[in-house]
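A.B. asks: predicted model and sequence below, questions to follow.
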Amino acid sequence: IGHSRLAPQQTLQDNHQFRYDGSFVFGSHVVRWGSNVTIIRGNIFAPFFSGAPEIRLSVTSANAALISAGGIPGQVDTDPQNLANYPITFAIIGNGLGFFSEVPTLGLPFGGAKNTRFHWYVADSWRASDRVTVNYGVRYVFEAGNVNPDFDKPALLDQFSPGLSQRTPQDKDNIAPSVGIAWDPSGSGKTVVRAGAGLFFAPNIFNNTLFERAQFIPPGVGFDFAFPGLANVISPLDGSVIWDGSFPLGGASISGQALGTPGLIDQIAAAAATFEAQSLAAAATFPSGLTVFELSLTTGGVLFDPAFDTPYSIHFNAGIQHELRPGLVLSVEYLRQRGLHTIMRRDFNRVGAADTLNIANAQAVIAATLADFSAATIDDAITAGATISDFIGNGLSGSASATIGGPNPNAFPGMNPNFNTMDLIGMQGKSEYNALQVHLRGSVPDLRGALTNHRVVFSYSLSQLEANTLDNAFLPTQVRNDDITSFFGPSQLDRPHMFSAASIFDLPGDVRISSIWRFNSKLPQDVFLSQSVGGGGEIFFTDLDGDGRFGDPLPRTNRGSFGRDVGSASELNNLISSFNSSVAGTLTPASQALVSAGLFTAAQLQALGAVIPSVSAAPAGQLDLDSFATTDVRVAKIFKGRDEKWNFEISMEWFNLFNIGNYDLPGNTLSSTLSGSTGSINGTTSAFRSNKASFGGGSFAQGIPRSWQLALRVSF
């Protein structure tokens, strides 16, 4: 509700290109060569979260039950429909600044992004015989702005890992060969067999390089975030703690307290105002002061692995094309694409991982919590009403809280307690696309006197797209921090069946009818556990593998399982039932680490509520993800002028003619989180479906409810 976290934004870009292509013929060869230089200069200003703080809530069926029983700290009543009763997981506040770099471009003093592309190629088309043509060549690709090769990173990084402060070198050896062959087996010119393969390099988007750069410049220019509930709000002026995320001040963490707790939102807003005011004050002294990295020790930040290499993909295709009749061609092709070295980011510090337990920190947390309850032992505190949230609020967690003034005091501080999450962009990702494609296109015989100039296009694809990440380009986050490539399967754009048919023909009286029919099978969805309390304390609830990342996948599922190997709600419920009977109620690896260290007993943690929660079963009538279907039709009447020097056409166009309801379009599918709430894959029936395609108009928004338009065209 309210201000968008992404507004306002301004993006400027200026391109200058020089290109030369040449060719010459000798014998049966046509040799082509060329080069291209594109100078790209951009400037970005985006003060994220500057309009208002963003507050994340944990709206789950388990919390709804707690609300009904009056079990959420600070709740205002017992109505689970009142969002004010749900617990906060954390908040996000911005500093009101928005430049992404210290580089001047396009007339602005900061915010610049630069890339100069230099490519060259040499290729040969060789007519080996009357029936065989071979194409082969090589391309060189250099992107000067794929990384930040000019940027000196702080030496402080070497305290985390020797050599990490080194500049990321430019990748200068990207050679991309390709080859293809076309063969006419009969010599008639009606059939051709083709095959080809090539290697292609991918450019790195500006966002990735700018996000790295922004965290290493002094305050007063670039954006910065703070995450109360996850970490302290740090002053950009001197590195002191503006707010430790507790409410009331000096009390428990806001994480786990109800949104409607009197005064809590005001405290978040006050911290945001102070954070923004001090950030603006830092502008007066730019470029001096502590960098965003020094202030946060990379919490929420990213940096390139010094060994970063350019992602690339290998393409292969083979097929046959045959002319069925003059002007009508059938093609059948197999395509394969394998993406390699696609970017992924992993927390190399493994904050919150079970094997990073700091016993001394944990003992201090236990002592502080016992003091809060005037208890001599943990059992006494339990008797007095203590829960795991009380221990979490005092630091029994995997929150990132290291500052320049001292190490992370929490119980699971990571491999190096002097740093927070250290997300490095590496090249471990991969993707695979396989498809059988069938195309029929061209002219079909006229029905004289009734239907003429009939042209058709039919296309069908049987395919599978699998990947590690939902987005291979923009800062993808791993699901399993210690085994980042194991979460692999159907990607968010995978549609096994895609069919389209288009037709255009003329009727007597200069009437033309055209139509496009589309059908796509459903998308897949991941299956993740719903968070219980959010923040660093979540390691006691949904971190099943002990890697410090929580909200883990439901066991026995992988990327895109729902709608694929978990094909229905009943199959999902079988997995949920198995999970509830064998996993729910047990201890996570973080809890087991506390037991192994002799700090708690298993019975004490169970009494405190530090166990893996059960998952709500999908209701009767639980929806699957929807397929996509739509039909667009145009009927046009053409009026021809004298000598056809001008034509006047009036047409009616219908979009989604049969008014088919389309749901679960990319980016608006049922939620992958097993929260049991409306909109999730275990809480949504047809009576509560709300993600119908409904915005936009005409050809700019496929699948929306039926619409029509009147069109007028004059050509001369």
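C.D. replies: Nice, I can see it.

A.B. asks: now stretch 458-470: how far from the chain's centre is it?
C.D. replies: Counting by CA atoms, centre = their mean, to the nearest Å, stretch 458-470 is centred 18 Å from the centre of its parent chain.

A.B. asks: just use 36 as the starting number from now, easier for me
C.D. replies: Yes, from this point I'll number from 36; that puts the last item at stretch 493-505.

A.B. asks: and that stretch, what's buried?
C.D. replies: Within stretch 493-505, the residues that count as buried by 16 or more other CB atoms under 10 Å are 494-496, 499-505. For the C-beta atoms, the positions are set from N, CA and C on the backbone; glycine is no exception.

A.B. asks: for stretch 522-532, which outside residues touch it?
C.D. replies: With contacts defined as CB atoms under 8 Å, 6 or more residues apart in numbering, stretch 522-532 is touched by 465-466, 495-503, 505, 513-515, 554-559, 588, 593-596, 598-599, 663, 701, 704.

A.B. asks: looking at this, residue 311 is in a strand?
C.D. replies: No. Assigned with DSSP: H, G, I helix; E, B strand; the rest coil, residue 311 falls outside any strand and is helix.

A.B. asks: does it touch residue 86 like I think?
C.D. replies: No. Taking CB atoms under 8 Å as the contact criterion, residue 311 and residue 86 are not neighbours in contact, 10.8 Å apart.

A.B. asks: let me see the ranges of the helices in the protein.
C.D. replies: According to DSSP state H, the chain carries its helices in the segments 96-103, 241-249, 299-317, 327-331, 394-407, 413-418, 423-428, 604-617, 624-631, 637-643.

A.B. asks: what distance separates the second one from the centre of its chain?
C.D. replies: Think helix 241-249. How far helix 241-249 lies from its chain's middle: 16 Å, per CA atoms, centre = their mean.

A.B. asks: and it, what does it pack onto?
C.D. replies: strand 64-80, strand 147-162, strand 337-339 (3 or more CB pairs under 8 Å, 6 or more residues apart in numbering; DSSP states H and E).

A.B. asks: OK, contacts around the closest residue to residue 362 other than its chain neighbours?
C.D. replies: Computed as CB to CB, 6 or more residues apart in numbering, the closest residue to residue 362 that is not its neighbour in sequence is residue 478, at 4.0 Å. Residues touching residue 478, when contacts are defined by CB under 8 Å, 6+ apart, comprise 361-363, 488-491.

A.B. asks: from those residues, which is closest to residue 104?
C.D. replies: Taking CB to CB as the measure, residue 104 sits nearest to residue 491 out of the contacts of residue 478, at 63.7 Å.

A.B. asks: next up, the contacts around the closest residue to the closest one other than its chain neighbours.
C.D. replies: In space, and not counting its chain neighbours, residue 491 is closest to residue 538: 5.1 Å by CB to CB, 6+ apart. The neighbours of residue 538, taking CB under 8 Å, 6+ apart as the test, are 489-492, 548-550.

A.B. asks: ditto for residue 554
C.D. replies: Taking CB under 8 Å, 6+ apart, we find residue 554 in contact with 532-535, 662-664.

A.B. asks: what about the residues you listed, which are in strands?
C.D. replies: 532-535, 663-664 (DSSP state E).

A.B. asks: of the residues you listed, buried ones?
C.D. replies: Burial by neighbour count, judged by 16+ other CB under 10 Å, picks out 533-534, 663-664 from those.

A.B. asks: save the contacts of residue 554 as a markdown table, and put in distance to residue 715 too.
C.D. replies: Conversion of these to a markdown table gives the following (distance: CB to CB, whole Å):
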| residue | distance to residue 715 |
| --- | --- |
| 532 | 26 |
| 533 | 27 |
| 534 | 30 |
| 535 | 31 |
| 662 | 20 |
| 663 | 21 |
| 664 | 24 |
